[in-house]
Structure formats: C-alpha cells, structure tokens
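Chemist: Give me a 3D structure for the following:
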Amino acid sequence: MFGPPRIRRGRRSAAALVIGLACVAAPAVAQAGPVLLGTTTPFVVLAGSTGRKESVTSILGTSDHQMRLKLIDAGILKIEGDTILVTKDHLFRSPSTAAVALLGRTANGWKEWKSPEGKTLDTLKRQAPQG
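Modeler: Numbering: from 1, shown residues only. Got it, this is the predicted structure:
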C-alpha cells in the first residue's frame with residue numbers, strides 16, 4: 001500500500017489551491033497526487049496518480065466505461081500490473097468523473113475524494129466558509 005498524500009500549502013494561483021487528496025473506496029483505493037481545486041467544478045488529477053485497473057461489471061458498456069477506455073487509448077491512463085496510472089495531468093469535468101476514471105465504478109467524487117485527515121472534498125470545498 002501507499003501512504004496518504006500530503007497537503008501542500010503555499011502554492012496558490014488566483015483560482016487554485018493545491019491540496020493532496022485520496023479517493024478511497026473498499027476494496028479499491030485510488031490515489032491522486034496534489035489536485036488543483038479551482039473555483040468551478042472541473043477537477044485535475046496529476047500524473048502519477050493510481051487507481052483500479054478493472055472496471056466493475058455494472059459499468060461495462062456504459063459511458064463511464066467508454067470514458068476509461070478512451071483515456072487508455074489516448075495514453076492518459078496506462079495499465080501497469082494490477083493498477084491504472086495517470087501518465088499526465090488531466091482535467092476532468094467534475095470530481096465524480098475523475099473518481100469514476102480511477103475507481104472503475106460509479107462514484108460521487110464530492111464524497112470519495114478525501115484529505116489525509118479524512119475530510120471529503122464536499123467538506124473542504126463546498127461547505128468551507130466563503131471568505
């Protein structure tokens with residue numbers, strides 16, 4: 001297994017904060033490196049992130065499965081042993097799409113992506129006090 005990603009603070013741009021998050025689901029565990037959180041829904045998973053190689057039976061033939069296959073064909077995801085590796089930073093349309101790509105199953109990314117302290121992306125981003 002691997003250790004939890006670290007929260008890295010101090011690298012800020014006008015619209016993004018770099019935070020280490022992990023997408024955890026039993027029994028598969030997907031890890032994303034630092035993820036750029038902008039002010040909108042798009043979600044970046046960085047190169048080196050890993051996920052589950054196989055898609056669960058229930059998504060075979062669906063648009064979710066087709067998306068994973070397209071990402072593999074495009075070289076964005078690469079099968080390595082029993083995992084799938086993100087080969088280059090990739091912008092997904094939502095945290096849920098990113099979670100599906102790494103977990104190989106349907107997923108609510110706002111609940112699946114968690115900080116090392118166990119806080120969900122929903123808690124960190126949507127429910128955070130606006131200042």
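Chemist: I figured Arg126 hits Lys111, correct?
Modeler: No - checked against CB atoms under 8 Å, the pair Arg126 and Lys111 is beyond contact range at 10.8 Å. C-betas here are computed from N, CA, C, even on glycine.
Chemist: residue ranges of the helices in this structure, please?
Modeler: 63-73, 95-103, 109-112, 121 (DSSP state H).
Chemist: Of all those helices, which one is nearest Thr87?
Modeler: In terms of CB to CB, the element of these nearest to Thr87 is helix 63-73, at 9.6 Å.
Chemist: which of Arg126 and Lys111 has more neighbours?
Modeler: Neighbours were counted for Arg126 and for Lys111 using other CB atoms under 10 Å; Lys111 has more, 16 against 9.
Chemist: Could you measure from the more buried one over to Asp73?
Modeler: 29 Å (CB to CB, to the nearest Å).
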